[in-house]
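# 3D model of this:
(one chain, ligands or ions: 3)
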Amino acid sequence: MKIRAAVLKASPAQAPFAESRPLVIEELDLDPPGPEEVLVRIGAAGLCHSDLSVINGNRPRPVPMVLGHEAAGTVVQVGSAIRDLAPGDRVVMTFQPTCGACLPCAEGRPALCIPGAEANGRGVLMSGDMRLHDGGTDVHHHCGVSAYADHAVVSRHSVVRVDAEDIPFAELALFGCAVQTGVGAVLNTCRVQPGQSVAIVGLGGVGLAALLGAVAAGATEIVAVDLSDDKLALAQELGATRIYNAAKDGLSDRIRADTGGGVDHAVELAGAAPAFELAYRITRRGGQTVTAGLPAPTAEFRLPAVNVVADERTVKGSYMGSCVPQRDIPRFIRMYRAGQLPVDRLLTRTLRLDEINEGFDLLDRGEAIRQVVVFD
Ligand SMILES: NC(=O)c1ccc[n+]([C@@H]2O[C@H](COP(=O)([O-])OP(=O)(O)OC[C@H]3O[C@@H](n4cnc5c(N)ncnc54)[C@H](O)[C@@H]3O)[C@@H](O)[C@H]2O)c1
Ligand SMILES: [Zn+2]
Ligand SMILES: [Zn+2]
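Ligands and ions are numbered 1, 2, ... in the order given. Just a heads-up that it's a prediction; the model follows:
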């Protein structure tokens, strides 16, 4: 079938993207789904910093590629081997397909699926196939999703069926990345307990979702850090008990003093090495620092080795919020319905597909939380 998609033609691209226009709206050919694949009509697709990192070259991926990995939609057609999904089902996309058979999958850590990560790196579906074509040229898939298009063919293992007829697609899409990554980092990776203290460093869509997770977990001290005063003000409205601008000098000493020696859990969601360093410094003795931002592949951090030992520090990475999507996406939707995760507060605005380059300029300048492309 013919689809309309935003295609990344070349990377890296320079901002402002409204001028360089790295995403080109054009008609592509989309193959029918293979036996274990589904055709989804996209309802909405969010703009995440991980998409921006492919555009600006911080996360190199093969081109041409249709970006967009945070999305929700409606099943249109299922492959011949699929028995547990039907046309009309609503699905949330998950950006790490899972094979169910590799060691991390068998251990219950599907976010680390080895064939899934390999397929994502190559820009192909789990089957190894590419279903997108531009004349004679194959077009790569992004994270097995490629949702900046009115339709997508994805692996059965890239979607989670949800009972959510009443939730607008623009909100449902956010559960695919921002909510899985942010809320999951706090609930699954950190395992925050009621009454504990949490710091969130970096307050984009993912960081603010983590903040909502900290509130839901019953954290009583929630420290929020960002470079933007607007985001700090929103964090305060959403439940942060202390807010700090990261541009200030001597910040780690101040936060340690204000929190009586640092926080139980500090989560970095900025995608910048200095943010990770701050998160480490404001973690208390015996506490844990979790990093979930994705900086450029060349970024490195150094740790004071004796301090890791003598303070019994834990440092952990968190990919896709250490989520089990089949368990956690429906769980987070239930929490949203119960008023425990006001995810709608992360939505800055909706936009049309042909406004997407301008949307990435706003994200690049830190002037939006989550913007979501909606399809009719
Ligand atoms: N681990 C995962 O599975 C996963 C999934 C999705 C996104 N990510 C990554 O998470 C990060 C956040 O994504 P997002 O979409 O929310 O991005 P975003 O651009 O919306 O937000 C990033 C925020 O970090 C702030 N920031 C930058 N440098 C900072 C510093 N030194 N100190 C404090 N704050 C700082 C910015 O002002 C901005 O508000 C990105 O690196 C993204 O690639 C990781
Ligand atoms: Zn994302
Ligand atoms: Zn696997």
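# could you check whether the helix or strand harbouring residue 279 is close to ligand 1?
Taking DSSP states H and E as the criterion, residue 279 maps to helix 273-281. Yes: between helix 273-281 and ligand 1, judged by Cβ under 6 Å from any ligand atom, the touching residues are 274, 275. Using the backbone N, CA and C atoms, a C-beta is placed for each residue, glycine as well.
# Quick check: phi and psi on the residue lying closest to residue 370 once chain neighbours are set aside?
Spatially, and ignoring its direct neighbours in sequence, residue 370 is nearest to residue 205 (4.0 Å; Cβ to Cβ, 6 or more residues apart in numbering). Dihedral pair for residue 205: phi -60, psi -40, per degrees, to the nearest 10.
# residues of stretch 208-227 that come out buried?
Within stretch 208-227, the residues that count as buried by 16 or more other Cβ atoms under 10 Å are 208-217, 219, 221-226.
# Return the subset of these lying in helices.
In helices, defined here by DSSP state H, the members of those are 208, 209, 210, 211, 212, 213, 214, 215, 216.
# Keeping just the C-alphas, turn the helix or strand of the chain at the bottom of the mean pLDDT ranking into CSV.
Using mean pLDDT, DSSP states H and E, helix 305-310 stands out as the lowest-scoring helix or strand of the chain, at a mean of 93. The C-alpha trace of helix 305-310 is given here as CSV (Å, rounded to 0.1, in the frame of the first residue of the first chain):
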residue,chain,number,x,y,z
ALA,A,305,36.7,4.5,42.9
VAL,A,306,37.2,4.5,46.7
ASN,A,307,34.0,6.4,47.2
VAL,A,308,32.0,3.6,45.4
VAL,A,309,33.4,1.1,47.8
ALA,A,310,33.5,3.1,51.1
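# Sheet partners, orientation included, of the helix or strand just after it?
On the C-terminal side of helix 305-310, the closest following helix or strand by DSSP H and E is strand 314-317. Sheet pairing here is set by DSSP bridges, and for strand 314-317 it gives strand 283-291 (parallel).
# What are the contacting residues of the partner strand?
185, 189-190, 197, 199, 259, 261-268, 276, 279-280, 311-318 (Cβ atoms under 8 Å, 6 or more residues apart in numbering).
# out of those, which are buried?
Buried, going by 16+ other Cβ under 10 Å: 185, 189-190, 197, 199, 259, 262-268, 276, 279-280, 313, 318, out of those.
# how near is the nearest residue to residue 272 once chain neighbours are set aside to ligand 3?
Ranked by Cβ to Cβ, 6+ apart and with sequence neighbours excluded, the top spatial neighbour of residue 272 is residue 295, at 5.9 Å. Per Cβ to the ion, to the nearest Å, residue 295 is found 25 Å from ligand 3.
# One more: residue 309?
For residue 309, the distance to ligand 3 equals 34 Å [Cβ to the ion].
# Check residue 162 too.
Taking Cβ to the ion, one finds residue 162 at 22 Å from ligand 3.
# now do residue 263
For residue 263, the distance to ligand 3 (Cβ to the ion) stands at 33 Å.
# for ligand 2, what are the nearby residues on the stretch 51-200 of the chain?
residue 177 (Cβ under 5 Å from the ion).
# Tell me the pLDDT of residue 115.
Model confidence at residue 115, given as pLDDT, is 98.
# that older thread, if we check ligand 1, which of the buried residues of stretch 208-227 are in contact?
Restricting the buried residues of stretch 208-227 to those near ligand 1 by Cβ under 6 Å from any ligand atom leaves 225, 226.
# can you list the residues of the stretch 51-200 of the chain near ligand 3?
On the criterion Cβ under 5 Å from the ion, ligand 3 has as its neighbours in the stretch 51-200 of the chain the residues 99, 102, 105, 113.
# for the stretch 51-200 of the chain, what are the low-confidence residue spans?
Applying pLDDT under 70 to the stretch 51-200 of the chain flags no residue at all.
# Spell out the residue ranges of the strands in it.
For the stretch 51-200 of the chain, applying DSSP state E, counting those that start in this stretch gives strands covering 65-66, 71-78, 90-93, 132-134, 137-141, 151-155, 159-161, 197-201.
# Show me what residue of the stretch 251-376 of the chain gets nearest to ligand 1.
residue 271 (2.1 Å; Cβ to the nearest ligand atom).
# Same check on the stretch 1-150 of the chain?
Distances between the stretch 1-150 of the chain and ligand 1 by Cβ to the nearest ligand atom are smallest at residue 49, namely 3.1 Å.
# which residues sit in contact with that residue?
For residue 49, the contact set (Cβ under 8 Å, 6+ apart) comprises 204, 205, 206, 271, 294, 363.
# ok, it to residue 59 distance?
Separation of residue 49 from residue 59 (Cβ to Cβ, to the nearest Å) stands at 9 Å.
# residues shared between the contacts of these two?
residue 294.
# Select from the residues of the stretch 51-200 of the chain next to ligand 3 the one having the most neighbours.
Among these, residue 113 has the most neighbours (other Cβ atoms under 10 Å), with 24 neighbours.
# list the contacts for that one?
96, 97, 98, 99, 102, 104, 105.
# Nearest spatial neighbour of it, chain-adjacent residues omitted?
Sequence neighbours aside, residue 98 is the residue nearest to residue 113 in space, at 4.3 Å (criterion: Cβ to Cβ, 6+ apart).
# quick revisit: isn't the residue nearest to residue 370 right next to residue 345, touching?
No: between residue 205 and residue 345 there is no contact under Cβ atoms under 8 Å: 10.6 Å.
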